[in-house]
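**Student:** 3D model of this:
(one chain, ligands or ions: 1)
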Amino acid sequence: MNTPASSRQHQVTLRQRMEIAERTMAFQFEKPSGFTFRPGQYLDVTLINPAETDVEGNIRTFSIASAPHEETLMVATRLRDTAFKRTLAALSPGAEVLIDSPGGSFTLHNNAARTAVFIVGGIGVTPVRSMLVAAAHEHLPHRVLMLYLNRRPQDAAFLDELTGLQASNPNFRLVPVMTAVAEAGPGPGEHGPFTAEVLRTHTTDAVSPVYYVVGPPGMVNGVHGLLNGIGVDDDDIRLEDFGGY
Ligand SMILES: Cc1cc2nc3c(=O)[nH]c(=O)nc-3n(C[C@H](O)[C@H](O)[C@H](O)COP(=O)(O)OP(=O)(O)OC[C@H]3O[C@@H](n4cnc5c(N)ncnc54)[C@H](O)[C@@H]3O)c2cc1C
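**Tutor:** From the prediction side, this is the model:
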C-alpha cells in the first residue's frame, strides 16, 4: 500500500462515476473512516502517477457535492480538455486518488430566522447540493431559495434531484434560470439573463436574506456587483469563486 505524501491526505478508491449533465461528471469515492466535513466545504484531489500532466499540475480543488450523512464522498466537474480532466474522466472504479482534509467556510448560517438565497452558476451547484441534501435530512428550519443559473437544462447538474428535494423539504424552493433563451426551450423557471428584476420577483418574501453566490469567477463577480447595485451589503453576501474556470 502506498503511503500518502502527507498525514492529512487519504488515499481513496473510486466506486462509481456518472454523467450528470452534458460534459459534466460526478465521481463517488469511498469515504475514509472518521472523515468529517461540513456541507459546503471543499477538498483537494491529487491524481496518483497520472499518464499525462501539464503546467497546471495534478491537483484540483473540488467542493464536496455529497452530504455528510451520505455513504460516499462525491465531487463533480465540467469535463474540459486538460490533462487533469482527461485522466480523471478515464479513471475506472477501483482506481485511487489522494484527497486532503476538507477546508472552507462556505457553509449555511446558523440563524434560521434568516432566509438563505443561493444564486448558483452552473457547476457551482456542488457545495449547494451538499448543503440542501443535508438540510432536508436534518429537517433544518431555514427557508432556502435557490436560483440556479445555466445556459440550458442539459447543462444543469442535479436538476431533477433538486426539483424533487422541494417535496421532501417544504422550506426549499428552486427557481431554474435558463439564460440561453433560444436554446433552452420551454420549461419551468425563468428564461433569459439573470437581472435585479428576476431576483426581486422571487425574493419578495425573503426575511433578512443571506445571499450565497457560487460559480465561475465571472458569474460570481457579476452577481456580486448586481447585489451591491441594488443595495445589498457585503455583510449579507457570501461568495465562493471556482477559480480556474
Ligand atoms: C473553493 C473552490 C471550489 C471548487 N469547486 C469545484 C467543483 O466543485 N467542481 C469543479 O469542476 N471545479 C471546482 N473548482 C475549480 C477547479 O479547482 C478547477 O480550477 C476547474 O475545474 C478547472 O480545472 P481544469 O483542469 O478544467 O482547468 P485548468 O487546467 O486548471 O486550467 C486553468 C486555466 O486554463 C484555462 N483553460 C483550461 N481549459 C480551458 C478550456 N477548455 N476553455 C477555456 N479555458 C480553459 C482557464 O482559463 C484557466 O484559467 C473549485 C475551485 C475552488 C477554488
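**Student:** switch to C-alpha atoms for all contacts and neighbour counts from now on
**Tutor:** OK.
**Student:** mind listing the strands for the protein?
**Tutor:** Secondary structure of the chain (DSSP state E): strands located at 10-21, 24-30, 42-47, 59-63, 72-78, 96-99, 116-121, 144-150, 172-178, 190-191, 210-215, 237-241.
**Student:** mind checking the pLDDT average for the fourth one?
**Tutor:** Model confidence over strand 59-63 averages 98 on the pLDDT scale.
**Student:** give me the contacts around that strand.
**Tutor:** The contact list for strand 59-63, computed with C-alpha atoms under 8 Å, 6 or more residues apart in numbering, reads 40-47, 75-77, 84, 126-127.
**Student:** so who does H142 touch?
**Tutor:** Residues near H142 by C-alpha under 8 Å, 6+ apart: 111-116, 171.
**Student:** try it again with 7 Å
**Tutor:** Counting by C-alpha atoms under 7 Å, 6 or more residues apart in numbering, H142 touches 112-113, 115, 171.
**Student:** over to A113?
**Tutor:** Residues near A113 by C-alpha under 7 Å, 6+ apart: H142.
**Student:** ok, it to I237 distance?
**Tutor:** Here the criterion is C-alpha to C-alpha, to the nearest Å. By it, A113 lies 16 Å from I237.
**Student:** G40 is in contact with T107, correct?
**Tutor:** Yes. Judged on C-alpha atoms under 7 Å, T107 makes contact with G40 at a distance of 5.0 Å.
**Student:** give me the more crowded residue out of those two.
**Tutor:** Between T107 and G40, counted using other C-alpha atoms under 10 Å, the more crowded position is G40 (26 against 16).
**Student:** got a list of what that one touches?
**Tutor:** With C-alpha under 7 Å, 6+ apart, G40 has these contacts: 63-64, 106-107, 127-128, 130-131.
**Student:** what's the domain layout of the chain?
**Tutor:** Using automatic domain parsing, the domains assigned to the chain come out as 10-99, 116-241.
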